[in-house]
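turn this into a structure:
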Amino acid sequence: MKLYKQRLLSDAQLKRLSEHQYSCQSCSILDTFLQSYWNWLVSKVPIWLAPNLITILGLVINIITALILVWYSPDAKLEAPRWACALCGLGLFIYQSLDAIDGKQARRTGTANPLGELFDHGCDSISTVFVALSACIAVQLGYYPGWMFFQCFCAVTLFYCAHWQTYVSGTLRFGRVDVTEAQFTIMGILAISAIFGPSVWSTKFFSDTFYLWYLIPLSTLVCGLVALYSSLIVIFTGGVGKNGSTVAGTSVLSPVIPFSMVLVPAFIIYQKSTQEIYQNHPALYILAFGLVAAKVTNRLVVAHMTKSEMDYMDWSLLGPTMLFLNQYFNTFVNEYYVLWLCLIWVSVDLMRYCYQICQEICDHLHIELFRIPYPGGPQKVIPPTSSALEKNGSGGKKQQSDEEDSMPLLDNASH
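Below you'll find the model as predicted:
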């Protein structure tokens, strides 16, 4: 169902996308230790299971378990049940595990293609919003709305910056402490809340001047600044286009405009609301603006893979515009209802965009999104030759390149 454009991608863009080669550099500490687990896990996956189906299954589990936490504490102040925190942590672990093996499954079945990378990063962009929000709820950060805003939007900003520098340099880069480490840290936060209850984060130290939850924003601030510095260094010095431009030959600063059109209104509306819409409904607010950020990030990934200029305007921005105009006209409509309308709009728009992009790429590459196009899997799978590490994207992806995984030789007898 193509609501806005007959086609989102031109023939030239589809051609460049089909020629796209995934490039990634990673020196993550945990990835090295988890490789044996991921290799074991993918060996247990049926050979007929499509890689993209693995990805979407993990995302659905992650979203459902996070929404259960949101249901019990929509304002991030109420103490969510311990079992809900445990379930959310389990959902994140399942997502991280499935996220790590979808690329391995693609190479195992001989079905690796550019759509897999795009689908992977798209799921990551959505997962990032729910993971950040669930961590805030688990520590009852709703009592400190400013810090909660910082935590959630720091996560989506760093995710966007990782793909911004990829758009500039052509290579996705991850440091020693990055996506996997962040995911397992949040699993640890959820586990502590599950064992001791979310109220444990209000424990005081050092003569009642230091709360336990202070550790979370402080570590986010330090690690975030390091990651942001690394990305900015690449952005300003690593352009592979003409005269140091992006892969599309555009200015390295151009991606800042679309994202600022999400982040700046989110902050202004939060500050100017007479009904304190963010303070009273932080989960709803973060989901609405987070999904807009996910849509913009997806468009950046598409621009990188198609080596094309990124449009500044987007239909999803209509959602925040509703809130802004409502405030401009002295809150003519209750902001709570406008916020719900905004969330519904951006959710539908994001799903429409993802569906249409995937459909156009599938038609061009003559592949199917959730099905391997041969019964029972390939007749023969060629094992890769090395074990260099690779990531699929930020919200949590671990992958290895087509030549970089060491999987056993499999044939139809393995089914």
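
doesn't H20 belong to a strand?
No: using DSSP: H, G, I helix; E, B strand; the rest coil, the secondary structure at H20 is coil, not a strand.

this structure: helices as residue ranges?
11-18, 29-43, 51-72, 82-108, 114-138, 145-169, 179-196, 215-237, 256-272, 277-280, 282-306, 318-328, 335-365 (DSSP state H).

and the closest residue to L158 other than its chain neighbours, what does it touch?
Nearest residue to L158, sequence neighbours excluded (CB to CB, 6 or more residues apart in numbering): A227, at 5.4 Å. Where C-beta positions appear, they are placed from N, C-alpha and C, glycine not excepted. Each residue near A227 by CB atoms under 8 Å, 6 or more residues apart in numbering is listed here: 158, 161-162, 175, 178.

try Y312
By CB under 8 Å, 6+ apart, the contact set of Y312 is 257-258, 261.

is it true that A132 touches T157?
No: at 10.5 Å, A132 does not count as touching T157 under the criterion of CB atoms under 8 Å.

and those two? which has more neighbours close in?
Higher neighbour count among A132 and T157: A132, with 24 against 20, using other CB atoms under 10 Å.

any weak-confidence spans in the stretch 101-250 of the chain?
For the stretch 101-250 of the chain, applying pLDDT under 70 flags no range at all.

now the contacts of A227: which count as buried?
Applying a neighbour-count criterion of 16 or more other CB atoms under 10 Å, the buried members of the contacts of A227 are 158, 161-162, 175, 178.

want to throw the residues you listed into CSV with distance to C136?
Putting the buried ones among the contacts of A227 into CSV (distance: CB to CB, whole Å) gives the following:
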residue, distance to C136
L158, 16
C161, 20
A162, 21
G175, 24
D178, 20
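
please report phi then psi for N113.
Per-residue torsions, N113: phi -160, psi 170 (degrees, to the nearest 10).

for it, give me its contacts.
If you count contacts by CB under 8 Å, 6+ apart, then N113 has 106, 365, 367 around it.

please redo it, this time with the cut-off set to 7 Å
Contact partners of N113, counting by CB atoms under 7 Å, 6 or more residues apart in numbering, are 365, 367.

what does L339 give?
In this structure, L339 makes contact with 277, 281, 284-285, 288, 323, judged by CB under 7 Å, 6+ apart.

and with 10 Å instead?
269, 273, 275, 277-278, 280-281, 284-285, 287-289, 319, 322-323, 326 (CB atoms under 10 Å, 6 or more residues apart in numbering).

ok, and the most crowded of these?
Highest neighbour count within the contacts of L339: F289, with 31 neighbours (other CB under 10 Å).

OK, contacts around the nearest residue to that residue once chain neighbours are set aside?
Distance criterion CB to CB, 6+ apart; nearest residue to F289, sequence neighbours excluded, is A266 at 4.3 Å. By CB under 10 Å, 6+ apart, A266 lies in contact with 149, 152-153, 156, 278, 285-286, 288-290, 292-293, 320, 323.

which two of those residues have the greatest separation?
Using CB to CB, the contacts of A266 reach their maximum pairwise distance at V156 and L323, which is 17.6 Å.

nearest approach to S245 belongs to which of the helices of the chain?
Nearest of those to S245, taken as CB to CB: helix 145-169 at 8.1 Å.

can you give me the angle that closest one makes with helix 256-272?
If you take axes from the mean of the first three to the mean of the last three CA atoms, to 10 degrees, helix 145-169 sits at 170 degrees to helix 256-272.

buried sites along helix 145-169?
So for helix 145-169, counting by 16+ other CB under 10 Å, buried means 145, 147-169.

then stretch 92-100?
92-93, 95-100.

likewise for stretch 323-332?
The neighbour-count check on stretch 323-332 (16+ other CB under 10 Å) flags 323-324, 326-327 as buried.

equivalent analysis for stretch 332-339, please.
Neighbour-count burial for stretch 332-339 flags 335, 338-339 (criterion: 16+ other CB under 10 Å).

and it, C-alpha only, in PDB?
Included here for stretch 332-339 are C-alpha records, laid out as PDB according to Å, rounded to 0.1, in the frame of the first residue of the first chain:
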ATOM      1  CA  PHE A 332      -6.700  24.100  21.800                       C
ATOM      2  CA  VAL A 333      -6.900  20.300  22.200                       C
ATOM      3  CA  ASN A 334      -5.800  18.300  25.200                       C
ATOM      4  CA  GLU A 335      -2.100  17.500  24.600                       C
ATOM      5  CA  TYR A 336      -2.600  13.900  25.800                       C
ATOM      6  CA  TYR A 337      -5.000  13.200  22.900                       C
ATOM      7  CA  VAL A 338      -2.700  14.900  20.400                       C
ATOM      8  CA  LEU A 339       0.200  12.900  21.700                       C
END
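
how far does it sit from its chain's centre?
Its chain's average C-alpha position is 28 Å from that of stretch 332-339, according to CA atoms, centre = their mean, to the nearest Å.

show the average pLDDT along it.
Stretch 332-339 shows a mean pLDDT of 93.

residue contacts, L365?
14, 17-18, 113-115.

can you say which of those are buried?
So, of the contacts of L365, 14, 17, 113-115 end up buried under the neighbour-count rule (16+ other CB under 10 Å).
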